[in-house]
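K.L.:
sequence below, structure please.
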Amino acid sequence: KKQLKPQSETDEINKLQLEYLTSDFVKENEAQSIQLKLSHAAFNREETYKINIVNHKEENVKIAIRTFYKNEKGRGKIFLHIDSKKYDIVDLGYEHVEMFIPPHSQTSIVMQSTQNIDKKSWINAAILQIKEIHLCKKVIE
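P.N.:
Numbers count the residues shown, from 1 in each chain. Model (predicted):
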């Protein structure tokens, strides 16, 4: 017979371990991940849009960052700066970036556009997903 986990245990597994601080993005929590959508009506090429990810825990937390945009016509317009590396949102639509957030530290993700864009479709194209990857510790006796 299959044993179901108590709801509180499931909630604890799905709970986000990191804190996401931003005034530039609207946050939508999902199970073990968060989606971030630009809270401005348009991209301004003179502006940067920032998310600070804070780890208050005693251990590393692994994350995977991706977008959902795969239209090659959009290449070269919107970029993410993560740990001094620059990524096109089109590339992150095909392959996510994994990294560890060390204990008691923070990492910033900065989004920037190369041009002024006021189309809603571009705001939707630049939605980010940050998934927290829970590392299961195996005990070997």
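K.L.:
which strand is the longest one in this structure?
P.N.:
Assignment by DSSP state E gives strand 105-113 as the longest strand of the chain.
K.L.:
what does it contact?
P.N.:
Residues outside strand 105-113 that contact it (CB atoms under 8 Å, 6 or more residues apart in numbering): 24, 38, 43-45, 47-55, 65, 77-83, 99, 101, 126, 128. (Each C-beta comes from the backbone N, C-alpha and C, glycine too.)
K.L.:
mind listing the helices for this protein?
P.N.:
7-14, 89-94, 120-125 (DSSP state H).
K.L.:
quick one: mean pLDDT for the second one?
P.N.:
It refers to helix 89-94. Average pLDDT, helix 89-94: 96.
K.L.:
try the first one
P.N.:
Here helix 7-14 scores 48 as its mean pLDDT.
K.L.:
if we can go back for a sec, out of the contacts of strand 105-113, which are buried?
P.N.:
The neighbour count (16 or more other CB atoms under 10 Å) marks 38, 43, 49-51, 53, 55, 65, 77-80, 82, 99, 101, 126, 128 as buried among these.
K.L.:
flag the shaky bits of this protein, pLDDT-wise.
P.N.:
Along the chain, segments meeting pLDDT under 70 span 1-14, 135-141.
K.L.:
show me the strands in it, by range?
P.N.:
With strands called from DSSP E, the chain shows them at 19-21, 25-30, 33-38, 49-55, 61-67, 78-82, 85-88, 97-101, 105-113, 128-133.
K.L.:
quick check: which of these is nearest to residue 120?
P.N.:
Closest of the strands of the chain to residue 120 is strand 33-38, at 10.3 Å (criterion: CB to CB).
K.L.:
for that closest one, buried residues please.
P.N.:
Neighbour-count burial for strand 33-38 [16+ other CB under 10 Å]: 33-36, 38.
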